[in-house]
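J.: Quick one, what's the 3D model for this:
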Amino acid sequence: MRAPSPRALIFAVTVTGIMANTLVAPAIPDILDGLGVDQSRAGLLLAAATLPGVVVAPLIGLLADRYGRREVLIPCLASFGLFGGLSGLAPTFPLLLASRLVLGVGSAGLINLAVVVIADHWQGADRARVIGQNSAVLTLALAVLPPLGGVLTDVAGWRATFAPYWLGLFTAVGVALVMKRSPRSEVRMGEQLVHALGYLRSAPVLAAIGSGSLLFVLIFGLMLTALPLYLAEDFGLSASVRGVVLGVPALTATVGALSLGRLTERFGARRLVLAGSAVLAVAFSTIAAAPVLAVVIIGALLYGLSEGATIPSLQAIVAGAAPASSRGAVVAVWVGGVRAGQTAGPILAGLALGWVGAPGTFLAGAALALTLLVAQALSGLPGGDAVRPEGDDTTGTRGAPGPGRPPLPAGSGGLRCGPVTLP
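T.: Take a look at the predicted model:
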């Protein structure tokens with residue numbers, strides 16, 4: 001096993017990437033009011049930071065496989081920090097959207113490359129454990145960033161909410177100083193694409209991509225777009241209090257992520273993912289019918305439990321499905337699907353808020369979660385196992401496509417199942 005990359009730096013990249021929308025979510029009503037924009041355009045504010053990732057994330061994965069993780073991470077972090085910070089200076093809503101579009105190009109490569117670096121440096125149970133720890137760090141950041149954004153908005157105005165984005169520049173410096181240069185791949189781009197497609201056609205990876213896309217439609221549409229407006233309009237909460245409520249799910253999500261190893265051993269990954277979708281439907285129904293704020297918080301806690309069990313399981317399935325030479329591309333395609341969900345979710349939620357209001361939007365989300373549950377039950381998601389390659393395609397080992405080898409067809413013997421033990 002290779003010498004592991006410093007975990008603190010990997011976790012810093014993850015936290016930087018998660019800032020894109022979670023930090024500004026509590027300030028959405030204030031931003032729209034400050035720039036004289038109707039609330040129906042709230043979805044555009046969040047979608048601007050995720051839309052580029054739909055196209056750019058797979059490209060970033062290919063570049064990271066070809067030129068190295070460090071060489072791609074540095075410009076991603078730099079553009080994220082620079083244009084994230086400049087967003088706070090935007091005088092008009094269109095300029096704010098333009099700045100966040102460029103920010104979105106940088107953020108498209110952060111969280112997925114953090115998972116790729118983990119998969120490069122840890123294997124087997126150790127890999128799954130560090131992915132779970134990274135997910136726990138992510139959820140803890142989700143507990144801290146929304147309240148921080150709310151406090152900055154209440155104390156210094158919504159423009160101050162964008163100040164922490166400048167930290168992306170410092171993370172870029174850390175990556176440049178700590179991470180070693182990666183050897184460049186000698187495989188031609190066309191062959192690289194063919195190799196990656198061999199792993200992407202496997203049923204578990206396709207099912208994980210579909211699940212991730214729809215899951216993030218719900219997360220970004222309901223929890224980051226509809227919920228802040230719901231809390232402001234129906235419960236009269238300030239930005240600071242909205243931030244605290246938005247951070248509540250991270251508590252149970254962290255518990256779920258850190259307990260996932262034992263739960264996976266006992267119940268299997270498939271049952272956990274199915275249970276997560278069922279709990280998600282209950283959570284959204286609870287929030288929709290909430291007569292008081294306390295019931296909203298109960299629904300948010302249930303949502304967090306579902307998120308903590310589902311997302312790291314899907315990440316582990318995808319990250320373990322390909323060797324290092326194709327891993328960046330495979331994980332990036334999963335992230336591209338996630339970004340599509342992150343982009344569509346706020347836009348769909350904005351439309352639904354105008355048509356049926358916040359409670360109706362959450363009920364529609366509950367119905368969509370049930371649809372996801374049925375689709376997962378009929379899909380190729382693995383049971384207690386996650387697919388992983390028999391060998392690395394750079395070495396031409398048995399079962400993996402290497403230079404001159406055809407890609408693996410879906411369901412071929414080149415992919416085998418092995419236990420995923422998450423922390």
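
J.: which stretches of the stretch 301-423 of the chain aren't confidently modelled?
T.: 322, 324-325, 380-423 (pLDDT under 70).

J.: Confirm that residue 236 sits in a strand.
T.: No: counting by DSSP: H, G, I helix; E, B strand; the rest coil, residue 236 falls outside a strand, being coil.

J.: Next, count neighbours for it.
T.: 9 (other CB atoms under 10 Å). Every residue, glycine included, has its C-beta placed from N, CA and C.

J.: again, but for residue 357
T.: Neighbours of residue 357 using other CB under 10 Å come to 17.

J.: And it, which helix or strand is it part of?
T.: Assessed by DSSP states H and E, residue 357 sits inside helix 324-377.

J.: Check which helices and strands that helix sits against.
T.: On a contact count with 3 or more CB pairs under 8 Å, 6 or more residues apart in numbering; DSSP states H and E, helix 324-377 meets helix 42-67, helix 110-121, helix 189-200, helix 203-218, helix 227-234, helix 269-288, helix 293-319.

J.: if I look at residue 347, how far off is residue 217?
T.: Counting by CB to CB, to the nearest Å, the gap from residue 347 to residue 217 is 10 Å.

J.: The two: who's more crowded?
T.: Comparing residue 347 with residue 217 by other CB under 10 Å, the one with more neighbours is residue 217, at 24 against 20.

J.: I'd guessed residue 141 sits against residue 14; true?
T.: Yes: at 7.5 Å, residue 141 counts as touching residue 14 under the criterion of CB atoms under 8 Å.

J.: show me the contacts for the residue lying closest to residue 52 once chain neighbours are set aside.
T.: Computed as CB to CB, 6 or more residues apart in numbering, the closest residue to residue 52 that is not its neighbour in sequence is residue 104, at 3.9 Å. By CB atoms under 8 Å, 6 or more residues apart in numbering, the residues touching residue 104 are 20, 48-53, 56.

J.: what about the closest residue to residue 50 other than its chain neighbours, neighbour count?
T.: With CB to CB, 6+ apart as the criterion, residue 50 has its nearest non-adjacent residue at 3.7 Å, and that residue is residue 342. Neighbour count for residue 342, taken as other CB under 10 Å: 28.

J.: and if you look at residue 291?
T.: For residue 291, using other CB under 10 Å, the count is 7.

J.: And residue 259, by the same measure?
T.: 16.

J.: so what's it up against?
T.: So residue 259 contacts nothing (CB under 8 Å, 6+ apart).

J.: Local confidence estimate at it?
T.: On pLDDT, residue 259 comes in at 77.

J.: how about it, phi and psi?
T.: Here is the backbone geometry of residue 259 (degrees, to the nearest 10): phi -100, psi 0.

J.: hey, least reliable of the helices and strands packed on helix 324-377 by pLDDT?
T.: With a mean of 69, helix 189-200 has the lowest mean pLDDT of these.

J.: hang on, the earlier thing: nearest approach to residue 181 belongs to which of the helices and strands packed on helix 324-377?
T.: helix 42-67 (9.7 Å; CB to CB).

J.: from the middle of its chain, how far away would the closest one be?
T.: Relative to the chain's own centre, helix 42-67 is displaced by 11 Å; criterion: CA atoms, centre = their mean, to the nearest Å.

J.: just stretch 88-105 next, same as before
T.: 21 Å.

J.: can you pull the buried residues of it?
T.: Using 16 or more other CB atoms under 10 Å as the test for burial, stretch 88-105 gives 88, 90, 93, 96-105.

J.: between those residues, which is closest to residue 163?
T.: residue 88 (6.3 Å).

J.: any idea how far the closest one is from residue 238?
T.: From residue 88 to residue 238 the distance is 20 Å (CB to CB).

J.: likewise residue 53?
T.: Distance from residue 53 to residue 238, by CB to CB: 31 Å.

J.: Repeat that for residue 294.
T.: Noted for residue 294: a distance of 18 Å to residue 238, by CB to CB.

J.: Just the pLDDT at the residue nearest to residue 52, thanks.
T.: Reported pLDDT for residue 104: 90.

J.: Now do the SS call for it.
T.: Here residue 104 is helix, with the state taken from three-state DSSP.

J.: Same question for residue 321.
T.: Reduced to three states by three-state DSSP, residue 321 is coil.

J.: OK, contacts around residue 229?
T.: Residue 229 touches 28-29, 39, 42, 353, 358, counting by CB under 8 Å, 6+ apart.

J.: starting at the chain centroid, how far to stretch 164-172?
T.: 19 Å.

J.: Residues touching it, excluding its own?
T.: Outside stretch 164-172, the residues that reach it (CB under 8 Å, 6+ apart) are 9, 12-13, 16, 19, 23, 73-75, 77-78, 80-82, 84-85, 87-88, 103, 106, 148, 152.

J.: buried residues in stretch 261-273?
T.: For stretch 261-273, using 16+ other CB under 10 Å, the buried residues are 261, 263-264, 268-273.

J.: Show me which of those is closest to residue 35.
T.: Closest to residue 35, out of all of those and judged by CB to CB, is residue 273, at 39.8 Å.

J.: Give me the distance from the helix holding residue 357 to the chain's centre.
T.: Offset of helix 324-377 from its chain centre (CA atoms, centre = their mean): 11 Å.

J.: Residue 294 and residue 238 - which one has more neighbours?
T.: residue 238 (16 against 8).

J.: OK, contacts around the closest residue to the more buried one other than its chain neighbours?
T.: Leaving aside its sequence neighbours, residue 238 sits nearest to residue 154 (CB to CB, 6+ apart; 6.0 Å). Each residue near residue 154 by CB under 8 Å, 6+ apart is listed here: 238-240.
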